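Engineer: Sequence and computational prediction follow.
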Amino acid sequence: MDEIKTYQSRKVIWINYDEMLEGKMPESDWICLMTSSESKPNSDKFDKFTRNAIKHGILEFKGHGEFGELLHDWFDETMVIMETMENHSEIDVMTTWHNNESLADAFWQCFFATCLPETTDYDKLKIVCTDLDGKNRNVELTDYLNRFEQGWLPKD
């Protein structure tokens, strides 16, 4: 788990996906941006991630890349199974997908286009980023944050 930088009072954290599968993630008030484009993710591992993320207080999940919509759908399916078949209380996690957007655009939305519950502690809100293809994107994300600080906006 690497803290990259704080922007708009939100800590940006990089966590390798394998660490997330082990349950290494924030305990509350976080948004996850997950990207994947090289190979189809493993559904059983992703189900494990989803359950861990819900247990650890995820507020919003953004699937990005070629498999962004698939990740979004799998996250939603797991929530429905938990609520309807496993008698879990209502799960209030917003999910979105970003297949045809750049990583910079999807990352920007973690700061300016979120749908968070009223109970969100904005002083403790974190943006957690990971790449299912195993790429470390710390340098890339730091570059985007520097561009955001200079006023960069998505094209649309």
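Structural biologist: Arrived safely. Numbers count the residues shown, from 1 in each chain.
Engineer: from here on, contacts and neighbour counts on C-alpha atoms
Structural biologist: Fine.
Engineer: how far away is residue 154 from residue 30?
Structural biologist: Spatial separation of residue 154 from residue 30 under the definition C-alpha to C-alpha, to the nearest Å is 22 Å.
Engineer: should've said residue 91
Structural biologist: Noted for residue 91: a distance of 14 Å to residue 30, by C-alpha to C-alpha.
Engineer: Of those two, give the one with the bigger neighbour count.
Structural biologist: Legend: neighbour count by other C-alpha atoms under 10 Å for residue 91 and residue 30, higher for residue 30 (29 against 15).
Engineer: contacting residues for the more buried one?
Structural biologist: Applying C-alpha atoms under 8 Å, 6 or more residues apart in numbering, we find residue 30 in contact with 57, 58, 59, 60, 125, 126, 127, 128.
Engineer: mind listing the strands for this protein?
Structural biologist: Under the criterion DSSP state E, the chain carries strands at the ranges 2-7, 10-14, 30-35, 58-64, 94-98, 126-131.
Engineer: which sections of the protein are below the confidence cut-off?
Structural biologist: Within the chain, the set of residues satisfying pLDDT under 70 comprises 156.
Engineer: now the helices for this protein?
Structural biologist: Under the criterion DSSP state H, the chain carries helices at the ranges 17-21, 43-55, 68-84, 103-112, 138-149.
Engineer: Select, out of these, the one closest to residue 34.
Structural biologist: Of all these, the one in closest proximity to residue 34, counting by C-alpha to C-alpha, is helix 68-84 (7.9 Å).
Engineer: just the angle between the closest one and strand 94-98, please?
Structural biologist: Orientation check (axes from the mean of the first three to the mean of the last three C-alpha atoms, to 10 degrees): helix 68-84 against strand 94-98 gives 160 degrees.
Engineer: can I assume residue 9 is in contact with residue 123?
Structural biologist: Yes - with contact taken as C-alpha atoms under 8 Å, residue 9 and residue 123 are classed as touching, separated by 6.9 Å.
Engineer: Which of those two has more residues huddled nearby?
Structural biologist: Regarding residue 9 and residue 123, a neighbour count based on other C-alpha under 10 Å identifies residue 9 as having more, with 13 against 10.
Engineer: can you tell me which residues contact that one?
Structural biologist: The contact partners of residue 9, taken as C-alpha under 8 Å, 6+ apart, are 122, 123, 125.
Engineer: about what we covered before: kindly indicate which of the contacts of residue 30 lies nearest residue 98.
Structural biologist: Distances from those to residue 98 were compared by C-alpha to C-alpha; the smallest belongs to residue 60, at 13.4 Å.
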